[in-house]
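Peer 1: Quick one: sequence plus predicted model below, questions after.
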Amino acid sequence: MEVLRVDNLTKQIGKKTIVNRVHMQVNEGEVYGFLGPNGAGKTTTIRMIVGLIQATEGSVRICGYDIGTDREKAMKMVGAIVENPETYSYLSGYKNLIHYARLAGIPNKEKRIKEVVEFVKLTDRIHDKVKTYSLGMRQRLGLAQALLGKPKLLILDEPTNGLDPEGIREFRGLVRQLADQGTAVFVSSHILKEMEAICDRIAIIKNGRIVTEQNVAKVLEGQGQKVRIKVDDIKQVETFLQQNEISYQVVDHNTMDIPMDESEVSEFVRFLALQNINLRSIETVKDSLEELFFTFTTDEEGEKKNA
Ligand SMILES: Nc1ncnc2c1ncn2[C@@H]1O[C@H](COP(=O)(O)OP(=O)(O)OP(=O)(O)O)[C@@H](O)[C@H]1O
Ligand SMILES: [Mg+2]
């Protein structure tokens, strides 16, 4: 089932088009990554999706409800952490949740709070003041708050910003569990490795436009497999590869990538040995999202690597 549908979404501020004709669609149980460099338009897009700012053009539908015309119904379906979640730091986590549950008209407040607090593993500290919480605990409190209304769509803007590896791993586990229970999760980040581990699909936004949308499993399955070799004399190898019209990519002064299938590797190694090319190491590497990210976010005239 389609939970989020964004069509032609555009935000203009003054003469600047900050978000430019964005289309996206996220299904039940799916984790959708919204990836892009600083200033690409991620937060602006999210602010429009959750109705914090108005779109200049285009539409957002959540579970079929248009946020323009059916705002209240649409918003009932959403839980979000946008930028730093606001909390009253001199109150306990629990009191903060009570406050939000009241605002949001959550039925059976106490029971629901107990559930979300257990889910984010804050039970031990929930009656302590928020000002004594670590960053990771604050993030988890934010998540608990976003989950109070049992949202069909969870929107997280850079949720792991500043978290340590353990915190990131925990967060990933929680997101996965929510998706497995059917929640659609829309998560923005500029940290690629994280997205790779957490998302089913990703879109890359640059200068307000979606430049590509990819299925993560497919990218990682090894479309475009290649070997990475380290050699003593890279010039010698380059000459040899050029003579044989084999394409390659220089990584650094003694490392290069050569696109090839696993089945071709042993023949390639024999071929090099025949030329007396000294191999220090060889490994197969798969296209990662990181490369995809750079392919799509580096300017034509920018520092694009050798093809
Ligand atoms: N109210 C505003 N007025 C003018 N420019 C704005 C406004 N809000 C955002 N921008 C500009 O729009 C662009 C996109 O900003 P946005 O915050 O959406 O980027 P982002 O992808 O979330 O970046 P980051 O990764 O740094 O959070 C930036 O160049 C920003 O300066
Ligand atoms: Mg942002």
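Peer 2: Good, I have the coordinates. Numbers count the residues shown, from 1 in each chain. Ligands and ions are numbered 1, 2, ... in the order given.
Peer 1: Grab the nearest non-local neighbour of the closest residue to ligand 2 within the stretch 1-150 of the chain.
Peer 2: Closest residue of the stretch 1-150 of the chain to ligand 2, C-beta to the ion: residue 43 (3.1 Å). In short, each C-beta sits where N, CA and C put it, glycine included. Excluding its sequence neighbours, the residue lying closest to residue 43 (C-beta to C-beta, 6 or more residues apart in numbering) is residue 157, at 5.7 Å.
Peer 1: Flag every buried residue along stretch 71-82.
Peer 2: 74-82 (16 or more other C-beta atoms under 10 Å).
Peer 1: got the residues of the stretch 101-250 of the chain near ligand 1?
Peer 2: Taking C-beta under 6 Å from any ligand atom as the contact definition, the stretch 101-250 of the chain meets ligand 1 at residue 190.
Peer 1: how about the helices of the stretch 101-250 of the chain, start to end?
Peer 2: 109-119, 135-147, 165-180, 192-198, 216-220, 234-243 (DSSP state H, counting those that start in this stretch).
Peer 1: which other residues reach the last one?
Peer 2: For helix 234-243, the surrounding residues in contact (C-beta atoms under 8 Å, 6 or more residues apart in numbering) are 229, 231, 247-248, 250, 253-256, 258, 272, 275, 277.
Peer 1: Please save the CA atoms from it in PDB.
Peer 2: Extracted in PDB, the C-alpha atoms of helix 234-243 (Å, rounded to 0.1, in the frame of the first residue of the first chain):
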ATOM      1  CA  ILE A 234      51.000   2.300 -11.900                       C
ATOM      2  CA  LYS A 235      52.300   4.000 -15.100                       C
ATOM      3  CA  GLN A 236      53.400   0.600 -16.400                       C
ATOM      4  CA  VAL A 237      50.000  -0.900 -15.800                       C
ATOM      5  CA  GLU A 238      48.200   2.100 -17.300                       C
ATOM      6  CA  THR A 239      50.300   1.800 -20.500                       C
ATOM      7  CA  PHE A 240      49.500  -1.900 -20.700                       C
ATOM      8  CA  LEU A 241      45.800  -1.400 -20.100                       C
ATOM      9  CA  GLN A 242      45.600   1.400 -22.700                       C
ATOM     10  CA  GLN A 243      47.400  -0.700 -25.300                       C
END
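Peer 1: Now do it, average pLDDT.
Peer 2: Averaging pLDDT along helix 234-243 gives 93.
Peer 1: Same check on stretch 8-18?
Peer 2: Average pLDDT, stretch 8-18: 97.
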